[in-house]
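A.B. asks: sequence? don't have it. structure:
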């Protein structure tokens, strides 16, 4: 299981989901959250799994997060403190061909990223490009594996 005081970046959850044939991350509940009891395991999409972990409600199951100790993973990945805004933006999925999509789809995606309505299609494109650049720079600094720290209760 993951150690206390650890919060993973969305990329970790996406990698864990790739190991599951349904694209879900198996999570073990650390506290009762109806309909789940402590110790129960359920699968979630990467962004939902990250939110459960960040809230201290559940942790990724050992079956998808077992190789190496957490300190080794942190040393290899590098620690990055994400702001709430960066965490929210990281949860937004950006398709590879998004800049070729219709302007209204780009506007909707830019609104999710920025948390506000862009004024023009050009502004929407700039918001999307800036977020893609932020993610690329973050991945470059950490070798593609990003972690951040926060408080998380332990699971027995």
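C.D. replies: Right, received. Where do you want to start? Because the structure is predicted, anything quoted here is derived from the model rather than measured.

A.B. asks: List of residues touching the longest helix seen in the chain?
C.D. replies: Scanning the chain for the helix with the most residues, using DSSP state H, yields helix 121-142. Here helix 121-142 makes contact (CB atoms under 8 Å, 6 or more residues apart in numbering) with 9, 11, 77-78, 80, 86, 89-90, 92, 94, 98-99, 103, 106-107, 109-111, 113-114, 118, 146. Every residue, glycine included, has its C-beta placed from N, CA and C.

A.B. asks: Quick check: buried residues in that helix?
C.D. replies: Under the neighbour-count criterion of 16 or more other CB atoms under 10 Å, helix 121-142 has 124-125, 127-128, 131, 135, 138, 142 buried.

A.B. asks: Please pick the buried ones from the contacts of helix 121-142.
C.D. replies: 9, 11, 77, 86, 89-90, 92, 98, 106-107, 109-110, 113-114, 118, 146.

A.B. asks: residues contacting residue 45?
C.D. replies: Counting by CB under 8 Å, 6+ apart, residue 45 makes contact with 17, 23-25.

A.B. asks: Please identify which pair of those lies farthest apart.
C.D. replies: Checking the contacts of residue 45 against each other with CB to CB, the farthest-apart pair comes out as 23 and 25, at 8.7 Å.

A.B. asks: Comparing the two, which residue is more hemmed in?
C.D. replies: Between residue 23 and residue 25, counted using other CB atoms under 10 Å, residue 25 has the larger neighbour count: 29 against 12.

A.B. asks: Give the closest residue to the residue nearest the centre of the chain in space, chain neighbours not counted.
C.D. replies: Residue closest to the average C-alpha location in the chain (CA atoms, centre = their mean): residue 10, at 1.7 Å. The spatial neighbour of residue 10 that comes closest, neighbours along the chain excluded (CB to CB, 6 or more residues apart in numbering), is residue 90 at 4.5 Å.

A.B. asks: Please determine how far the one you found is located from residue 130.
C.D. replies: The spacing between residue 90 and residue 130, counted by CB to CB, to the nearest Å, is 13 Å.

A.B. asks: Read off the pLDDT value for residue 36.
C.D. replies: Here, the pLDDT recorded for residue 36 equals 85.

A.B. asks: Please apply the same query to the one 4 residues further on.
C.D. replies: Listed pLDDT for residue 40 reads 87.

A.B. asks: contacting residues around it?
C.D. replies: When contacts are counted by CB under 8 Å, 6+ apart, residue 40 is found next to 28-29.
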